[in-house]
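Novice: Requesting a structural model of the entry that follows:
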Amino acid sequence: MGHPDEPDTLYCGVEPAALFKSTDAGESWSLVQGLYDHPHRPQWMPGGGGLCLHTILPDPSDKQRLFVAISTGGVYRTDDGGANWPAAQQRCARAVFTARPAISGMGQCVHKIVSHPSNPKQMFLQNHWDFYRSDDGGDSWTDIANGVPSDLVLH
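Specialist: Next comes the predicted model:
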């Protein structure tokens, strides 16, 4: 779903990772070209669960801001309604399971992101090896995995 004051706006994530948007309650769909043309896209490779854009998280306080999570690509955020998509987990991705070289700002194997219902600037992220919290809308992340019984918690 889109922003609360846009009831006919819907989003759909697909595999291989791409985002589609409808502004007419699903009657028609269009590719979100800004994300599709992202320079990281050629480096997104399927993992054990594929290459799915699985989480779509609108910011209820800003209808231009939207987060998406891509299974082996990371978390991306648009602040301009979908034209530009900087990586939103630059300081929190560990890729200890792959020999693939690190790509600046590109996270890997994110499983889920959520925001606090009454404070959308507070977010939580689970990736393949860690758990993180952001208190500034995804600009920075703090590792909160200390004490978690396993490196990999399946969702």
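Novice: Show me the contact partners of stretch 10-29.
Specialist: For stretch 10-29, contacts defined as C-beta atoms under 8 Å, 6 or more residues apart in numbering pick out 1-2, 6-9, 30-32, 35-36, 41, 44, 46, 50-56, 58, 66, 68, 70-71, 73, 82. To be clear about C-beta, it is placed using only N, CA and C from the backbone, and glycine gets the same treatment.
Novice: what residue is smack in the middle of this structure?
Specialist: Centroid check for the chain by C-alpha atoms, centre = their mean gives residue 69 as the closest residue, at 2.3 Å.
Novice: any idea how far that one lies from residue 24?
Specialist: 26 Å (C-beta to C-beta, to the nearest Å).
Novice: can you tell me the helix or strand for the residue nearest to the centre of the chain?
Specialist: According to DSSP states H and E, residue 69 maps onto strand 66-70.
Novice: Now that strand: average pLDDT?
Specialist: Throughout strand 66-70, pLDDT has a mean value of 92.
Novice: Give me the buried positions along the helix or strand just after that strand.
Specialist: On the C-terminal side of strand 66-70, the closest following helix or strand by DSSP H and E is strand 74-78. Judged by neighbour count (16 or more other C-beta atoms under 10 Å), strand 74-78 contains these buried residues: 74, 75, 76, 77, 78.
Novice: and the nearest residue to residue 44 once chain neighbours are set aside, how many neighbours?
Specialist: Distances taken as C-beta to C-beta, 6 or more residues apart in numbering put residue 73 closest to residue 44, at 4.1 Å, once the chain neighbours are dropped. By the measure other C-beta atoms under 10 Å, the count of residues near residue 73 is 28.
Novice: how near is residue 135 to residue 80?
Specialist: Residue 135 sits 23 Å away from residue 80, going by C-beta to C-beta.
Novice: Neighbour count for these two, which is higher?
Specialist: Remark: of residue 135 and residue 80, residue 135 carries more neighbours, 14 against 11, as counted by other C-beta under 10 Å.
Novice: which ones are touching the more buried one?
Specialist: Residues near residue 135 by C-beta under 8 Å, 6+ apart: 121, 122, 142.
Novice: And residue 49, by the same measure?
Specialist: Residue 49 is in contact with residue 71, counting by C-beta under 8 Å, 6+ apart.
Novice: Do you know the pLDDT at it?
Specialist: At residue 49, pLDDT is 74.
Novice: Tell me the confidence at the residue nearest to residue 9 when sequence neighbours are not counted?
Specialist: The shortest distance from residue 9 to any non-neighbouring residue, by C-beta to C-beta, 6+ apart, is to residue 2 (2.8 Å). The confidence metric pLDDT takes the value 81 at residue 2.
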